[in-house]
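Chemist: Generate coordinates for the sequence data below:
(chains A and B)
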Amino acid sequence: MQVSSPQDYLPIIIQFALALGFVVLSMIASHAIGPKRKAKIKDEQWECGIESVGDARAPISIKYFLVAILFVLFDVEVIFMYPWAVNFRYLGWIGFVEMVIFMGFLLTGYFYIIKKGVLNWE
Amino acid sequence: MLAISALSVFGIIVLFLGFSNNKSALMLAAMLSLLATFGLALYEWQHPEITPAVAAGMMSFDNLSILFTAVLLVTGILLLPLSERFLVDPKAQPAEYYAILLFSMVGAIMMVTFDNLIMLFLGLEILSISLYVLTGSDKRNLLANEAALKYFLMGAFATGVLLYGVAMLYGAAGSFSLSDIALYVQDNHDNLSPMLYIGLFMMLVGMLFKLSVAPFHWWTADVYTGAPNFFTAYMSTIVKTAGFAALYKILSVSFVGVYDYWFLMLAICAVLTLCIGNLTATAQQSFKRMMAYSGVSHAGYMLIAVASFSDKTPEAIFFYSLAYSIATITAFAALMRVADTKGSADFAAFYGLAKTNPFLSFALTVSMLSLAGIPLTAGFMGKLFVFMSALEQGHVALVVAAVLMSAVGVYYYLRVVIAMYMREGNGVAVTLSPRFRVVLIATTVLTILLGVVPSLVAGAL
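Modeler: All right, here's what the predicted structure looks like:
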């Protein structure tokens, strides 16, 4: 078994420090170098010409939520296929049959969604 | 193993049957699924070699697992007819309810058959997530929504603690397999990693939370009260049986070597649970809330059986969970009909019930006596087995505390009996459908039968 010691993680820490350093540095730099304009209109939160109306908590159709959650669901389940694809030869026919069963269940779920009319937007 | 595979497929079939318009076929299909699964589970009684061949060491159906599976399925079979209201309620979604119920049963069966902590986690999550959904199934009821959200947030947190504990155990023993962990504990008995103790502690906290054991019981009353009556009955029986079977399995297979460590924790929790559950139950005005605290207190008795860890323990947990489940089904069947008729789950709704519904009152009385542990009922034999297993190991203090607290239990269980027989009601009779009648007769007969001849099932091990 290969045991990793704490110093093996040094490159990750360096990478992390570099990423953080870049953000901090570029923010300071843009504040210091960039031009400063101050005016009443400039200071409004929404500066593209349209005034903000109402608040952000307006009710939105459930369909958006359903599509989003279904996307996440199928997306995550399909990730399961990557490790199988990598070990395709090693897992052989048994692995293939198991994956077919898995896809069968997934398709059943998809069929259920369609029958329930979730994707019916009219 | 066959049972789990079959039940998963049955769940999907029931889900799709929901697209047909014939709703009463749904209950029939769910019932047939449970019966078929019951048959498959019993089939493996003679064939212990089926599961290891396909489960790759993740699960095993030994005789004890099959017995607990049988308790779970019998509970489900007895409960299912009580869900008839969903078939006529236009807002209910019976196909989805039944499918989720069958899936949750898969999780529960996994919790009594696992051989690997990963399978325990999967089973627990399949059961819990199904229950979060079922708790909130009454979408337009604010109390149910509150219950579901509370249950979900607290349950997810407890799962996190449990999973962290499992990770620690892996860090200590280098394996998720119960037998490998047992081997590690045995080989390094004098030099155990502190991570093992921390991991075991956190895993027990997670499990005890799900079992509503004090001091992790705070969610129970609100969740049990807010959930629809049928699903409260379901979760207060299934989770207890599956959870205690799982708890016993982990501790008895992997952690025999560190008994002194977990005994203290479980003993303290057991006494605390008994005191808090019983004393709080006496103060309730609502029958449903009283049943929630009664569920907490019964977790305490079963915990005593686990903590005492004698060779009688598996039998005690098995018999106690069966007796408790059957009596709880009767109680909730009565509650469902009374609450539907009178619109309230308070004790006051039961006033004068004996005059209008003598049979229902008799059944409820038997179930209350069984929960209180009065002789000639299954509950008495259950308590007897629990106390015997504790006394065998010399835990007299635990038994004394439990006996004292069951005396408190008699007080609040008899309150509803007094309400039915000695108070004047408004004379409104509760109607019982044939399905309710059959279930009530079955549970009442079973309660008395198991109380008189416990050897019917107690000798099965």
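Chemist: which intervals of chain A have sub-threshold pLDDT?
Modeler: Scanning chain A for pLDDT under 70 picks out A:1-3, A:45-52.
Chemist: host element of residue 76?
Modeler: No chain was given, so I picked chain A. Per DSSP states H and E: A:Val76 is located in helix A:62-79.
Chemist: wrong chain, I was asking about chain B
Modeler: Assigned by DSSP H and E, B:Gly76 falls within helix B:63-79.
Chemist: If you average the pLDDT over that helix, what comes out?
Modeler: Helix B:63-79 shows a mean pLDDT of 94.
Chemist: interface residues of chain B facing chain A?
Modeler: B:12, B:15-16, B:19 (Cβ under 8 Å from any Cβ of the partner chain). Placement of C-beta: from N, CA and C, glycine included.
Chemist: can you rerun that using 6 Å?
Modeler: Contacts of chain B with chain A, taken as Cβ under 6 Å from any Cβ of the partner chain, map to B:12, B:19.
Chemist: rewinding a little: how about the helix holding B:Gly76: buried residues?
Modeler: B:64-79 (16 or more other Cβ atoms under 10 Å in any protein chain shown).
Chemist: Out of the residues you listed, which two sit at the greatest distance?
Modeler: Farthest pair in these (Cβ to Cβ) is B:Leu64 and B:Leu79. Separation: 22.9 Å.
Chemist: and the longest helix for chain A?
Modeler: Under DSSP state H, the helix in chain A containing the largest number of residues is helix A:88-116.
Chemist: Next, the buried residues of it.
Modeler: A:91, A:99, A:106, A:109, A:112.
Chemist: same thing with stretch B:369-383?
Modeler: B:369-374, B:377-383.
Chemist: start to end distance for that stretch?
Modeler: One end of stretch B:369-383 to the other measures 12 Å (Cα to Cα, to the nearest Å).
Chemist: Helix or strand: which one has B:Ser104?
Modeler: helix B:94-113.
Chemist: now the angle between helix A:88-116 and that helix, please.
Modeler: 150 degrees (axes from the mean of the first three to the mean of the last three Cα atoms, to 10 degrees).
Chemist: Point out the other elements, helices or strands, that helix B:94-113 touches.
Modeler: Contacts defined by 3 or more Cβ pairs under 6 Å, 6 or more residues apart in numbering or on different chains; DSSP states H and E place helix B:94-113 against helix B:2-17, helix B:24-43, helix B:63-79, helix B:85-88, helix B:117-135, helix B:229-254.
Chemist: Dump the ones you listed to CSV, plus distance to B:Val399.
Modeler: Converted to CSV, the helices and strands packed on helix B:94-113 look like this (distance: least, Cβ to Cβ, whole Å):
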stretch, distance to B:Val399
helix B:2-17, 36
helix B:24-43, 33
helix B:63-79, 24
helix B:85-88, 42
helix B:117-135, 30
helix B:229-254, 18
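Chemist: Let's verify the nearest residue in space to B:Pro215 that is not next to it in sequence: helix, strand, or coil?
Modeler: In this structure, B:Pro215 finds its nearest non-sequential neighbour in B:Leu272, 6.1 Å apart by Cβ to Cβ, 6 or more residues apart in numbering or on different chains. When classified by DSSP: H, G, I helix; E, B strand; the rest coil, B:Leu272 comes out as helix.
Chemist: With A:Asp43 instead?
Modeler: Using three-state DSSP, the structure places A:Asp43 in coil.
Chemist: quick one, phi psi at it?
Modeler: phi -80, psi 0 (degrees, to the nearest 10).
Chemist: what do you get for B:Phe216?
Modeler: Phi and psi for B:Phe216, reported as degrees, to the nearest 10, are phi -110, psi 30.
Chemist: isn't it right up against B:Lys210?
Modeler: No. In this structure B:Phe216 lies outside contact range of B:Lys210 using Cβ atoms under 6 Å: 8.5 Å.
Chemist: For those two, indicate the residue with more neighbours.
Modeler: B:Lys210 (24 against 20; other Cβ atoms under 10 Å in any protein chain shown).
Chemist: List the buried residues in stretch B:89-104.
Modeler: Using 16+ other Cβ under 10 Å as the test for burial, stretch B:89-104 gives B:92, B:94-104.
Chemist: Also stretch B:201-213?
Modeler: For stretch B:201-213, the neighbour count (16+ other Cβ under 10 Å) marks B:201-213 as buried.
Chemist: Check the closest residue to chain A within the stretch 151-300 of chain B and give its pLDDT.
Modeler: Chain A sits closest to B:Gly174 of the stretch 151-300 of chain B, with a gap of 8.9 Å, by Cβ to the nearest Cβ. Looking at B:Gly174, its pLDDT reads 91.
Chemist: go on, the one 10 residues further on?
Modeler: What the model reports for B:Tyr184 is a pLDDT of 93.
Chemist: What residues does B:Pro334 make contact with?
Modeler: Wrong residue type there; residue B:334 is Ala, not Pro. For B:Ala334, the contact set (Cβ atoms under 6 Å, 6 or more residues apart in numbering or on different chains) comprises B:360, B:364.
Chemist: Apply 8 Å and report the result again.
Modeler: Applying Cβ atoms under 8 Å, 6 or more residues apart in numbering or on different chains, we find B:Ala334 in contact with B:360, B:363-364, B:367, B:440.
Chemist: now do B:Tyr132
Modeler: B:Tyr132 neighbours (Cβ under 8 Å, 6+ apart): B:148, B:151-152, B:155.
Chemist: now swap in A:Arg89 and tell me
Modeler: A:Arg89 touches nothing, counting by Cβ under 8 Å, 6+ apart.
Chemist: And it, how close does it get to B:Ser297?
Modeler: In this view, A:Arg89 and B:Ser297 are 57 Å apart by Cβ to Cβ, to the nearest Å.
Chemist: Quick check, B:Leu2 in contact with B:Tyr43.
Modeler: Yes. The pair B:Leu2 and B:Tyr43 qualifies as a contact (Cβ atoms under 8 Å) at a distance of 6.9 Å.
Chemist: Looking at those two, which is more packed in?
Modeler: Legend: neighbour count by other Cβ under 10 Å for B:Leu2 and B:Tyr43, higher for B:Leu2 (18 against 14).
Chemist: Any figure for the gap between B:Ala429 and chain A?
Modeler: As judged by Cβ to the nearest Cβ, to the nearest Å, B:Ala429 and chain A stand 41 Å apart.
Chemist: Tell me how many other residues surround that residue.
Modeler: Neighbours of B:Ala429 (other Cβ under 10 Å): 12.
Chemist: which residues sit in contact with the nearest residue to it once chain neighbours are set aside?
Modeler: Spatial nearest neighbour of B:Ala429, chain neighbours left out: B:Thr356 (4.0 Å); criterion: Cβ to Cβ, 6+ apart. Applying Cβ under 8 Å, 6+ apart to B:Thr356 gives the contacts B:425, B:427-430.
Chemist: Identify those among the residues you listed that sit within strands.
Modeler: Among the contacts of B:Thr356, no member falls in strands (DSSP state E).
Chemist: and those residues, which two are the farthest apart?
Modeler: Farthest pair in the contacts of B:Thr356 (Cβ to Cβ) is B:Gly427 and B:Val430. Separation: 11.2 Å.
Chemist: Which one's more surrounded, those two?
Modeler: B:Val430 (20 against 8).
Chemist: most centrally placed residue in chain A?
Modeler: Centroid check for chain A by Cα atoms, centre = their mean gives A:Val72 as the closest residue, at 8.8 Å.
Chemist: now the one helix or strand B:Ala402 maps to, how far from the centre of its chain.
Modeler: Element membership of B:Ala402 [criterion: DSSP H and E] is helix B:396-422. Centre-to-centre, helix B:396-422 and its host chain are 20 Å apart (Cα atoms, centre = their mean, to the nearest Å).
Chemist: in it, what's buried?
Modeler: By 16+ other Cβ under 10 Å, the buried positions in helix B:396-422 come out as B:398-399, B:401-402, B:405-406, B:408-410, B:412-417, B:419-421.
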